[in-house]
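Visitor: The sequence isn't on hand, but the structure is:
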Ligand code: UDP
Ligand code: MG
């Protein structure tokens, strides 16, 4: 099979007929073999009944239904598990992304050998309250992830080589960072394609302002997990030792300074009269805590089932 189109959807009943027939038209025009995997993320507006009806008219349409709403990441991850196409395309169900982009995305994955092509909504049709924080957001993500050539990490329209989606796990709200997850998994040929973006035709957006706070926290976790999950002691331990040493040296200095002044009959200050003394105490305690945290994290990560799961590319 050439292409799997994975569509996460939550209460998008009005859009579905148009979306699926548009995808089917594009596929037929390019004579691709394909499947459309509609993942119903616990909709309660009759989306599932609609999927049922559509799948009767087109045998390439497959549906998965969650019993409740788990979120876009969960829907994508489940769709990825089922996908069989050599190239996997994800798109939103709300008709903001255009299926007409599919042939070019497919070509770049198969011919130019990209692992991942991310859409870039260069000209967006969203309110300012969304586009400005998004700019900031993409800037920070670019910096932290080292993927300098992407402008728009969270575009719903993306294309992947099959191996990519079979080897990453999208959980929580990590759908915003799939390129970063892919990079951590060793898929580094990541490209971008300017795509058309339409205003939402039916229904309303499913994410509020909380997306920015959650998104930022997720960025921190993803960075930490990607870098230190398998060796937490290197993170906590080094910070802890540093903090401990700074405090310890300062206290030694305070004490020897006092002893020196006493021995030479000079005026001296008690340790407890110096702010530095208290700062040092805090540094020692914090350092010790960090060290212990590192120790406990190390035990936790040793217990993880994927502690020895690596990305093996080829074996001869
Ligand atoms: N979505 C989902 N589960 C959710 C929220 C959203 O599957 O809990 C789907 C939604 O139906 C749409 C896509 O994710 O197909 C993008 O959502 P939306 O268009 O609301 O996001 P926006 O375009 O505002 O970023
Ligand atoms: Mg949308």
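Guide: That came in fine, so what should we check first? None of these values were measured; they are calculated from a predicted model. Numbers count the residues shown, from 1 in each chain. Ligands and ions are numbered 1, 2, ... in the order given.
Visitor: burial measure for residue 274, as a count.
Guide: 15 (other CB atoms under 10 Å). Backbone N, C-alpha and C define where each C-beta goes, glycine included.
Visitor: On the three-state scheme, the residue lying farthest from the centre of the chain is what?
Guide: Taking CA atoms, centre = their mean as the measure, the residue most remote from the mean C-alpha position of the chain is residue 265, 63.8 Å away. Secondary structure assignment for residue 265 (DSSP: H, G, I helix; E, B strand; the rest coil): coil.
Visitor: roughly how far apart are it and residue 183?
Guide: Going from residue 265 to residue 183 by CB to CB, to the nearest Å gives 65 Å.
Visitor: now residue 257
Guide: Residue 257 is 51 Å from residue 183, by CB to CB.
Visitor: ok, those two, which is more surrounded?
Guide: Higher neighbour count among residue 257 and residue 183: residue 183, with 20 against 14, using other CB under 10 Å.
Visitor: Residue 215 - nearest residue in space that isn't next to it in sequence?
Guide: Using CB to CB, 6 or more residues apart in numbering and skipping residues adjacent in sequence, the residue nearest residue 215 is residue 176, 5.4 Å away.
Visitor: Any idea how many residues pack against the one you found?
Guide: Residues contacting residue 176 under the criterion other CB under 10 Å number 25.
Visitor: close enough to count as contact, it and residue 218?
Guide: Yes. Judged on CB atoms under 8 Å, residue 176 makes contact with residue 218 at a distance of 6.6 Å.
Visitor: now the strands: where do they sit in the stretch 51-200 of the chain?
Guide: Counting by DSSP state E, counting those that start in this stretch, the stretch 51-200 of the chain has strands at residues 61-65, 87-90, 116-120, 158-161, 190-194.
Visitor: which parts of the last one are buried?
Guide: Neighbour-count burial for strand 190-194, counted by 16 or more other CB atoms under 10 Å, picks out 190, 191, 192, 193.
Visitor: Next one, pLDDT for the second one please.
Guide: At residue 191 the predicted local distance difference test score is 97.
Visitor: Also residue 58?
Guide: pLDDT recorded at residue 58 is 93.
Visitor: so what's it up against?
Guide: For residue 58, the contacting residues are 20, 24, 36, by CB atoms under 8 Å, 6 or more residues apart in numbering.
Visitor: counting contacts, what elements does the host helix or strand of the last one pack onto?
Guide: Element membership of residue 36 [criterion: DSSP states H and E] is strand 34-40. Contacts of strand 34-40 with other secondary structure elements, assessed using 3 or more CB pairs under 8 Å, 6 or more residues apart in numbering; DSSP states H and E, are made with strand 3-9, helix 16-29, helix 47-57, strand 61-65, helix 72-82.
Visitor: Make TSV from those and add distance to residue 132 to it.
Guide: What follows is those, written out as TSV (distance: least, CB to CB, whole Å):
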stretch	distance to residue 132
strand 3-9	25
helix 16-29	29
helix 47-57	31
strand 61-65	35
helix 72-82	22
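Visitor: Let's verify residue 262: helix, strand, or coil?
Guide: Assigned with three-state DSSP, residue 262 falls in the helix class.
Visitor: pretty sure it is touching residue 256, no?
Guide: No. Look at residue 262 against residue 256 with CB under 8 Å: they stay out of range, at 10.7 Å.
Visitor: Kindly indicate which of the buried residues of strand 190-194 lies nearest residue 231.
Guide: Distances from residue 231 to those, taken as CB to CB, are shortest for residue 190 (25.2 Å).
Visitor: Is that closest one in contact with residue 115, as I believe?
Guide: Yes. Shown here, residue 190 and residue 115 form a contact pair, counting by CB under 8 Å, at 6.3 Å.
Visitor: Please, where are all the helices along this protein?
Guide: Secondary structure of the chain (DSSP state H): helices located at 16-29, 47-57, 72-82, 102-110, 128-145, 162-166, 178-184, 210-228, 232-263, 275-303.
Visitor: Quick one: distance of the third one to the chain centre.
Guide: Put simply, helix 72-82 sits 13 Å off its chain's centre (CA atoms, centre = their mean, to the nearest Å).
Visitor: From here on, call the first residue 568.
Guide: Happy to do that; since the first residue is 568 now, the last one works out to helix 639-649.
Visitor: So which bits of it are buried?
Guide: Judged by neighbour count using 16+ other CB under 10 Å, the buried positions of helix 639-649 are 639, 640, 641, 642, 643, 644, 645, 646, 647.
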